[in-house]
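# Show me the folded form of this:
(one chain, ligands or ions: 1)
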Amino acid sequence: MKMAANLRPAGRLEVPVPAAGLTTSRAPFIEQARARGELYIEQPYEQYSEENHQVWRSLFQRMGPRWERYANRHFLAGVRALCLNPERVPRLEDVNRFLSPLTGFRARAVSGYVPAFVFFDCLRNREFPTTITVRPPAQLDYLPEPDIFHDIAGHVPMHTDPQFAAALARFGECAHTAAERVAGIAGAHERLQILTSIIQAMARFFWFTIEFGLMREGGGLRAYGSGLLSSFGELEHALASPSVQRYPLRIEWAINQSFAIDRYQPLLFIVDSFDHLFRQVDELEAWMRQGKLDHVAPGEPEISEADLASFLRNAAVHAGPADTLLPNTH
Ligand SMILES: [Fe+2]
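The predicted structure follows:
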């Protein structure tokens, strides 16, 4: 008699198989998705290990008092609106259930790096590419790449605020303006040089606002940048240390300023409100159209070929056949 392979002998205790874990740089699920070229993925929630949940719990619990002290009031309202569970890694579908009705934004799981144009275009569509891995327990304080704590606990509460969401989506629109602008440049060399400069300007603006921005509130300063809001050490340093330079946001300073990602930021920029931020994004786009972003100061961040190609692919839509604009990558 043939026995079905999945029948277990009666009376044997089932030993639960520990989840493989979705730990940053150690997640086979993510590696496999990348190997298949899949950018957008599902969040395989059952794969989070107890260690992953413990890391989320530790990060969330210790941030609570710092958020109360240093985060802007829109962020604090956002954390409450999202009903994030301090004990367990969030499910993106739960987050979106609370987030989408507020501003139309939704978190969308990705397998890793998203080329610049694709990333900005997602923002335009009110989608936020979201990392689903959790940092290892030995790296609670600093991780060079984003993880789910940075993305969901640092960024997404801001997306519940209509004014902030509008500024972010408006910023995403600027990527199309950039693609349109470089489509009109005839020489391939000049086009690449100008595109590199424009992406650098956009990346720097994003860094000094969305990632590390400060805002005036109640006669003092509060953080709205997600790099600050997801960092236990840097959030306090950014607002309390006398060694940090804090200046009103000026586009010409932000777009010409290099930054290093592996240390606390020595220079931060302040906006008055998210309406002010929105107007600055408008201004950034106007500068882009006027050619004022064409030659920003060289330096960080480095713009990759994948970033350039992502913009050129869209520029080709404005210019005509793709092969007239795309660099030869063969
Ligand atoms: Fe970020």
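
# what's the closest non-adjacent residue to residue 276?
Nearest residue to residue 276 in three dimensions, chain neighbours excluded: residue 249, at 7.8 Å (C-beta to C-beta, 6 or more residues apart in numbering). For every residue, glycine as well, the C-beta is placed using N, CA and C.

# burial count for that neighbour?
20 (other C-beta atoms under 10 Å).

# mind saving the C-alpha coords of stretch 156-173 as PDB?
What follows is stretch 156-173, C-alpha atoms only, in PDB (Å, rounded to 0.1, in the frame of the first residue of the first chain):
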ATOM      1  CA  VAL A 156       5.600  56.400   6.500                       C
ATOM      2  CA  PRO A 157       4.200  58.300   9.500                       C
ATOM      3  CA  MET A 158       5.000  61.500   7.600                       C
ATOM      4  CA  HIS A 159       3.000  60.300   4.600                       C
ATOM      5  CA  THR A 160      -0.200  60.500   6.700                       C
ATOM      6  CA  ASP A 161       0.000  64.300   6.600                       C
ATOM      7  CA  PRO A 162      -1.700  65.900   3.600                       C
ATOM      8  CA  GLN A 163       0.700  68.800   3.200                       C
ATOM      9  CA  PHE A 164       3.800  66.700   3.500                       C
ATOM     10  CA  ALA A 165       2.300  64.100   1.200                       C
ATOM     11  CA  ALA A 166       1.600  66.800  -1.400                       C
ATOM     12  CA  ALA A 167       5.200  68.100  -1.200                       C
ATOM     13  CA  LEU A 168       6.600  64.600  -1.600                       C
ATOM     14  CA  ALA A 169       4.400  63.700  -4.600                       C
ATOM     15  CA  ARG A 170       5.300  67.100  -6.100                       C
ATOM     16  CA  PHE A 171       8.900  66.300  -5.700                       C
ATOM     17  CA  GLY A 172       8.300  63.000  -7.600                       C
ATOM     18  CA  GLU A 173       6.800  65.000 -10.500                       C
END
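
# where does the stretch 151-300 of the chain have low pLDDT?
The stretch 151-300 of the chain contains no residues with pLDDT under 70.

# All the helices of it, residue numbers only.
If DSSP state H, counting those that start in this stretch is used as the criterion, the helices of the stretch 151-300 of the chain fall at 162-183, 188-206, 226-229, 232-240, 251-254, 274-290.
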